[in-house]
Structure formats: C-alpha cells, structure tokens
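Asks: Pasting the sequence and the predicted model now:
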Amino acid sequence: MGEALVQARAAREAGDVPVGAVVLSPDGDIIGTGHNRREAVHDPSAHAEVEAIRAAASSLGTWRLDGCTMVVTLEPCLMCAGAILQSRIPRLVLGAWDEKAGATGSQWDVVRDARIGAKVEVVSGVRAAECAELLTEFFEARR
C-alpha cells in the first residue's frame, strides 16, 4: 500500500484524483504501477487500476495476471472491477471504500458475483484513513 500511496500522490501533483495502484507478482514483487492520468492524457479509462494492469501485463508478457495481487488506495469502480476480472487477478487489497461508485463491495460487488463466476478475494481497510485523507484533502481544495 505504501507504493500505491506514492502513486496516488503523483496523481494529485498532476492535478488528478489521488488514486494509486500496484500489481504484485505471485512472489510479491511489484510488476506494475499506476495512478489516475485522466486529466494528463485526456482518457476516461486512464484510471490507476487500468494503468497498473497494463504495466503488469506488459512486464509479464501476458494479459493473464493469474496469482497476482492488485493493491489500490480506493475501491475500484465498475470499469476497474471489470478490468480486474478480465485480467484474472484473484486478489484485491484496497484502502478506502468508495461509497458512491465502488464496485468491489460497497455499492456493487462485481468481483465476487457468482452469476459471472467471479471469485476475487477482497481485503479492505488497509491504511484506509491515510487513503481517505488524500481524497478528502483533494476535493476540499477544489471546492
């Protein structure tokens, strides 16, 4: 989560919502990092999770991230939950819940939906206060 927070701070410095993500190999090595880059690249899909998944897939030379773990500072949205499923990531560690748009346990639970065969292990609340504080400060400064 420490590296995911570093990534979130990079997003904040670039003027984007401070969300950061990393993908860990089955051995626990960081193989992909990402932070929100929607503003920088004018791409609505440039979420931290998608950026980290792309980097990890490139690092491994395959789109299948079997055995990997995604660590992210904010609960993934529907798009990112879908990307986690499509890349076959079996484990998700998240910091803060997203009560408005979260799709891995708060509003929806796409990654554990038996109707689509989803079986992602979700570990929540890791450094949650620190993750939430970054977001709160960012949005308060914008108001």
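Replies: The structure has been received and is ready for your questions. Numbering: from 1, shown residues only.
Asks: Could you list the low-pLDDT ranges of this protein?
Replies: Of all residues in the chain, none has pLDDT under 70.
Asks: buried stuff in the lengthiest helix in the chain?
Replies: As far as residue count goes, and with DSSP state H defining each element, the longest helix of the chain is helix 128-142. By neighbour count, and taking 16 or more other C-beta atoms under 10 Å as the criterion, the buried residues in helix 128-142 are 128, 131, 132, 134, 135, 138. Just so you know, the C-beta spots here come from the backbone N, C-alpha and C atoms, and that holds for glycine as well.
Asks: Include distance to residue 32 when you put those into a markdown table, please.
Replies: Putting the buried residues of helix 128-142 into a markdown table (distance: C-beta to C-beta, whole Å) gives the following:
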| residue | distance to residue 32 |
| --- | --- |
| 128 | 22 |
| 131 | 19 |
| 132 | 24 |
| 134 | 20 |
| 135 | 22 |
| 138 | 23 |
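Asks: Spatially nearest residue to residue 110 (excluding sequence neighbours)?
Replies: When the adjacent residues along the chain are set aside, residue 110 lies closest to residue 81, with 4.1 Å between them (C-beta to C-beta, 6 or more residues apart in numbering).
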